[in-house]
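# Dropping a prediction and its sequence here:
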Amino acid sequence: MTRPGIRQALLKPAFSHLYPGIPANEWQPAAVLMDQVLALRLRKQEKVPVTRDRALTDAHFEFRGVASSGSNDAERQARQDERRRRQSAE
């Protein structure tokens with residue numbers, strides 16, 4: 001059952017090998033999955049920095065529900081920050 005107002009995500013089975021411990025084909029709150037993905041990456045000590053707004057990719061996860069306005073603001077801010085970094089690097 002979907003609770004209104006809660007963004008949910010589901011790991012696609014084809015990518016389950018990339019996320020050990022996260023069940024595929026199971027809807028969960030997106031925030032919970034995001035925390036799990038970030039924890040996996042920290043344990044692997046990946047050199048690539050990961051931000052919360054980019055932890056769950058559309059290629060690996062499906063989504064349902066409406067993102068909160070706060071998450072939209074965070075995504076917008078992350079895009080602006082990325083543009084500024086690219087401009088300053090040029």
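Now that the structure is in, tell me what you want to look at. Numbers count the residues shown, from 1 in each chain.
# those helices in this structure, which residues are they?
Along the chain, counting by DSSP state H, helices occupy 30-44, 69-89.
# Of those helices, flag the one that's most buried.
Most buried of those by mean neighbour count (mean count of other C-beta atoms under 10 Å) is helix 30-44; its value is a mean of 15. C-betas here are computed from N, CA, C, even on glycine.
# Which strands or helices does that helix pack on?
Secondary-structure packing of helix 30-44 (3 or more C-beta pairs under 8 Å, 6 or more residues apart in numbering; DSSP states H and E): strand 8-11.
# and the strand it packs on, what's its mean pLDDT?
Average pLDDT, strand 8-11: 96.
# now Phe61, nearest residue through space, not along the chain?
Ala9 (4.7 Å; C-beta to C-beta, 6 or more residues apart in numbering).
# Residues in a beta bridge with the one you found, which ones?
Applying DSSP bridges to Ala9 gives these bridge partners: Gln28, Phe63.
# Let's have the helices of the chain in CSV, adding distance to His17 and mean pLDDT.
Below are those laid out as CSV (distance: least, C-beta to C-beta, whole Å; pLDDT from 0 to 100):
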stretch, distance to His17, mean pLDDT
helix 30-44, 12, 87
helix 69-89, 28, 71
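# who are the neighbours in contact with the residue nearest in space to the middle of the chain?
Residue closest to the mean C-alpha point of the chain, counted by C-alpha atoms, centre = their mean, is Leu56 at 2.4 Å. Going by C-beta atoms under 8 Å, 6 or more residues apart in numbering, Leu56 touches 9, 30, 33-34, 37, 63.
# among the helices of the chain, which is nearest Ala14?
Among these, helix 30-44 comes nearest to Ala14, with 16.0 Å by C-beta to C-beta.
# quick revisit: these two touch, right, the residue nearest to Phe61 and Thr57?
No. Here Ala9 lies out of contact with Thr57, judged by C-beta atoms under 8 Å, at a distance of 10.3 Å.
# The two: which is more packed in?
Ala9 (22 against 9; other C-beta atoms under 10 Å).
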